[in-house]
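1. got a predicted structure here, sequence first:
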Amino acid sequence: MKIALVAQHSTPVPCNSDKTTAGDDARLVEMSTSLAGQGHQVTVYARRNGKSLPERAKLAAGVSVEYVGPADSSADESHLVKQIGAFSAPLHDRWSKDRPDVVHALRWTSGLAALSAARDLQVPVVQSFDQLGVTERRHGMIAVGAGTERIRLEPAIGRTVSAVVAGSSDEESDLTRLGIPRRSIRVVPTGIDTDEFTPEGPAHQRSDRHRLVTIADLATEQDALNILLRALSKIPGAELVVAGGPPRDGLKSDLSYRRLAKLSDSLDLAGRVFFAGQVGRSALPPLLRSADLLVDINEHEPSAITSIQAMACGTPVVASAVGAQVDAVVDGTTGILVEPGRPALLAQRIRQLLAHPMMLEAFSVAATDRARSRYSWDRIAHETLAVYDAAIAA
């Protein structure tokens, strides 16, 4: 099968297609490599973000990338919208000469470009939104009055394509509320590298205290971190490592860090809260292995990727019962799901877990099995290919 992955927002390059790459580019490389590993030919159509990029490069065995559109460094959504025409025209020209069997568009602007390019070529288009505009607006990530074009167009894209891949059952529910037929939707979560995230391997040094770890953006997740710090004040004998934000040597000049540090001092948490700053991908597994629990109480979680990575490392998870966390964390088996916004309840549930080491050990074993069996890239590739086969057959 010849698969075209359209990722207008991304610019993966061969020199970064290893385990040092993080975020969307890394997941795109891992996804395309896994599909190619099943014996398929994969071409990624990505944004050209510099004049020095070649027209075509090899990302991995069976995976090539073609850089499309004018050289531009901006990945801002409003700018991507303006470039849709310049991005889709080359796609149409290339697909007219070498038609793919299926096109998979990642995010909504890629969906518009893919539908335009494939319009008269009889190529099925599969769509992944990653995050829906209506969901982001509901959680305050898009200001009222902003993002109207995206919110208007995403339902139209979903009803036009051959199939929509939802990352969670929560996203599936939002898609159906937008009028997209449930029969067109398939839930396929994001995958993780289960060879990289394992219980075996080095772990960061730690004290004799119970250790909680959270991975958070200090600026956008202030409310969740405030709740977590208040909960920690009710968990004697435990420490918290907060990873995220600017590099460690730049924390003191960061306003969000200073606010959190001030709250920590006011709660008499000195010596029990450690801000690690930005943690690179290679340092993440050792940090997760060092924890008794990963805590993620963000109120918006579209992928639960950090929770899944922690479970793969054998670390149980305490998370808010929202978004993809509800799919990822098996409550009472691989971790605990809690009602968001309740620090006293959060502290109580964490204390109960830490007081029962045998339960923690059982959760650890179940968490590892859950991550490996459900979220390996091999399984995700198989499920994604099943969506492609159905789209082609239809």
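-> Structure received.
2. can you list contacts of stretch 175-187?
-> 129, 132, 134, 154-155, 158-159, 161-169, 171-172, 327, 383, 386-387, 390 (Cβ atoms under 8 Å, 6 or more residues apart in numbering). Heads up, the C-betas are built off the backbone N, CA and C, glycines and all.
3. helices along the stretch 101-250 of the chain, start to end?
-> For the stretch 101-250 of the chain, the helices defined by DSSP state H, counting those that start in this stretch cover 108-117, 133-138, 148-160, 169-177, 222-232.
4. give me the angle between the longest one and helix 169-177.
-> Calculated by axes from the mean of the first three to the mean of the last three Cα atoms, to 10 degrees, helix 148-160 forms an angle of 90 degrees with helix 169-177.
5. name the residues of helix 148-160 that are buried.
-> Residues of helix 148-160 classed as buried: 150-151, 153-158 (neighbour count, 16 or more other Cβ atoms under 10 Å).
6. quick one: buried residues of stretch 288-305?
-> Quick answer for stretch 288-305 (16+ other Cβ under 10 Å): 288-298, 300-305.
7. residue 30 and residue 2, how far apart?
-> 20 Å (Cβ to Cβ, to the nearest Å).
8. of these two, who's got more company?
-> The neighbour count for residue 30 versus residue 2, taken as other Cβ atoms under 10 Å, is higher for residue 30 (22 against 15).
9. next up, phi/psi of residue 331, please.
-> Main-chain dihedrals, residue 331, degrees, to the nearest 10: phi -60, psi 120.
10. can you tell me how far it is from residue 321?
-> 8 Å.
11. can you list residues touching both of those two?
-> residue 337.
12. quick revisit: would you mind finding the most buried of the helices of the stretch 101-250 of the chain?
-> helix 108-117 (a mean of 26; mean count of other Cβ atoms under 10 Å).
13. using CSV, write out every CA atom in it.
-> Listed next in CSV are the C-alpha coordinates belonging to helix 108-117 (Å, rounded to 0.1, in the frame of the first residue of the first chain):
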residue,chain,number,x,y,z
TRP,A,108,-7.5,20.4,10.2
THR,A,109,-5.4,22.5,7.8
SER,A,110,-3.8,19.4,6.4
GLY,A,111,-7.3,18.0,5.9
LEU,A,112,-8.3,21.0,3.8
ALA,A,113,-5.1,20.7,1.7
ALA,A,114,-5.5,16.9,1.3
LEU,A,115,-9.2,17.1,0.3
SER,A,116,-8.4,19.9,-2.3
ALA,A,117,-5.4,17.9,-3.7
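14. give the contact list for residue 324.
-> Counted by Cβ under 8 Å, 6+ apart, residue 324 has contacts 167-168, 170-171, 189, 301-304.
15. if we use 10 Å, what do you get?
-> 166-171, 187, 189-190, 300-305, 307-308 (Cβ atoms under 10 Å, 6 or more residues apart in numbering).
16. would you list the phi and psi of it?
-> Torsion angles, degrees, to the nearest 10, at residue 324: phi -70, psi -10.
17. turn the helices of the stretch 101-250 of the chain into TSV, including distance to residue 249 and mean pLDDT.
-> Converted to TSV, these look like this (distance: least, Cβ to Cβ, whole Å; pLDDT from 0 to 100):
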stretch	distance to residue 249	mean pLDDT
helix 108-117	36	97
helix 133-138	32	91
helix 148-160	37	95
helix 169-177	38	97
helix 222-232	20	96
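18. residue 124 contacts residue 105, doesn't it?
-> No. Contact criterion Cβ atoms under 10 Å: residue 124 and residue 105 do not qualify, at 11.2 Å.
19. who has more neighbours out of those two?
-> Neighbour count, other Cβ under 10 Å: between residue 124 and residue 105, residue 105 has more, with 28 against 20.
20. now do the buried residues in the helix or strand of the chain with the lowest mean pLDDT.
-> Lowest on mean pLDDT, DSSP states H and E among the helices and strands of the chain sits helix 77-82, with a mean of 84. Under the neighbour-count criterion of 16+ other Cβ under 10 Å, helix 77-82 has 80-81 buried.
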